[in-house]
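Chemist: With the sequence up front, the predicted model follows.
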Amino acid sequence: MHHLLKRAAADLAAAQNVVALTGAGISTESGIPPFRGKGGLWERFDLMEIAHIDVLRGDPAKVWRILVKEMKEIVDQARPNDGHKGLVKLEELGLLKTVITQNVDGLHQMAGNTDVIEFHGTFAWQRCMDCHQRVETHKVDMTEIPPRCECKGILRPDVVFFGELIPPHHLWRSRQVAADCDVMLVVGTSAIVQPAALMPVIAKNSGAKVIEINPESTPLTHQISDYLILGRAGEVMNRILAELEQVIR
């Protein structure tokens, strides 16, 4: 594994434009449960019964009671871990330009990354279903369910529910930055959910190196990634940064 850490450090040091694609695996160390897989929220909930836009519109109180209230409690308590902080360090070094994330926890911004494309929106903010004003989730008064805006409209998470489209400008920008980067870091994502899973393919086809950091192999591992560094995001990022400091001294 050490030779892969050194290789990653060398590739990053030589890069002009690094982009990161992140998924649930970078946030599990912050106490955010994944949606899919073992221990995921979808093991407990029928996603079409609770996370579809039609359900939100028809029975917002149900969605708030079952899904949003729990997610608010989780997100309110979560703090960035070493995986998030490592990406901030890469940005401070002038290497990382953009983070594309499938996560809805807002931890990349909390950690300090400045250009974050949130494919699926964010649970860190709510917006009014009537006037579209936004309010930070931790400031939402939960005495009434569903909570309401100052205009009396119902608040909803500023996330993409099933049945809604990913904002086209997010998709366009993600494709653009993936095509323009010379190194893509794929951190903590199963690379199954589209269109996010397409971004490493676009990067690879445009000549970028794709470095994967995951606890296990994914569909990218043997076809798209140049190499896979096995492990938890925070630990691997710390070790890469330690090697990088040796290279750029």
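Modeler: On my side now, so go ahead.

Chemist: quick check: mean pLDDT across the lengthiest helix in the chain?
Modeler: Ranked by residue count under DSSP state H, the longest helix found in the chain is helix 233-248. Throughout helix 233-248, pLDDT has a mean value of 93.

Chemist: Name the residues of that helix that come out as buried.
Modeler: For helix 233-248, a neighbour-count test (16 or more other Cβ atoms under 10 Å) marks 233-234, 236-237, 239-241, 243-244 as buried. Yep, even glycine has a C-beta here, placed from its N, CA and C like the rest.

Chemist: Check stretch 93-107 too.
Modeler: Going by 16+ other Cβ under 10 Å, stretch 93-107 has these buried residues: 95-107.

Chemist: Quick check: strands, which of these are part of them?
Modeler: Cross-referencing these against strands under DSSP state E gives 96-101.

Chemist: Identify the spatial nearest neighbour of H52, chain neighbours not counted.
Modeler: Sequence neighbours aside, F162 is the residue nearest to H52 in space, at 4.6 Å (criterion: Cβ to Cβ, 6 or more residues apart in numbering).

Chemist: thinking the one you found is in contact with E49, fair?
Modeler: No - using Cβ atoms under 8 Å as the test, F162 is too far from E49 to be in contact (10.3 Å).

Chemist: The chain - how does it break down into domains?
Modeler: Domain ranges of the chain: 1-31+79-120+166-249, 33-77+124-159, per automatic domain parsing.

Chemist: quick one, which of those is packed in tightest?
Modeler: Of the domains of the chain, the one with the most neighbours on average (mean count of other Cβ atoms under 10 Å) is domain 1-31+79-120+166-249, at a mean of 19.

Chemist: distance of M1 from L21?
Modeler: Separation of M1 from L21 (Cβ to Cβ, to the nearest Å): 21 Å.

Chemist: If you could redo that for D82, that was the one I meant.
Modeler: 18 Å.

Chemist: Same question for L96.
Modeler: From L96 to L21 the distance is 12 Å (Cβ to Cβ).

Chemist: quick one on the thing from earlier: so how far is the longest helix of the chain from its chain's centroid?
Modeler: 21 Å (Cα atoms, centre = their mean, to the nearest Å).

Chemist: the strands in this protein, which residues?
Modeler: 18-22, 96-101, 116-118, 121-128, 134-136, 155-159, 183-187, 209-214, 227-230.

Chemist: Dump those into CSV; add mean pLDDT as well.
Modeler: Formatted as CSV, the strands of the chain follow (pLDDT from 0 to 100):
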stretch, mean pLDDT
strand 18-22, 97
strand 96-101, 97
strand 116-118, 96
strand 121-128, 91
strand 134-136, 92
strand 155-159, 93
strand 183-187, 97
strand 209-214, 96
strand 227-230, 96
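
Chemist: Of all those, which one comes closest to A8?
Modeler: Of all those, strand 209-214 sits nearest to A8, with 5.4 Å by Cβ to Cβ.

Chemist: The closest one packs against which elements?
Modeler: helix 2-13, strand 183-187, helix 199-205, strand 227-230, helix 233-248 (3 or more Cβ pairs under 8 Å, 6 or more residues apart in numbering; DSSP states H and E).

Chemist: Among these, which comes closest to G31?
Modeler: That would be, of the helices and strands packed on strand 209-214 and by Cβ to Cβ, helix 233-248, which comes in at 12.5 Å.

Chemist: Now tell me what touches that closest one from outside.
Modeler: 5-6, 8-10, 12-13, 25-26, 29, 81-83, 85-87, 89-90, 93, 187-188, 213, 229 (Cβ atoms under 8 Å, 6 or more residues apart in numbering).

Chemist: so who does T137 touch?
Modeler: Neighbouring residues of T137 by Cβ under 8 Å, 6+ apart: 72, 75-76, 123-126, 157.
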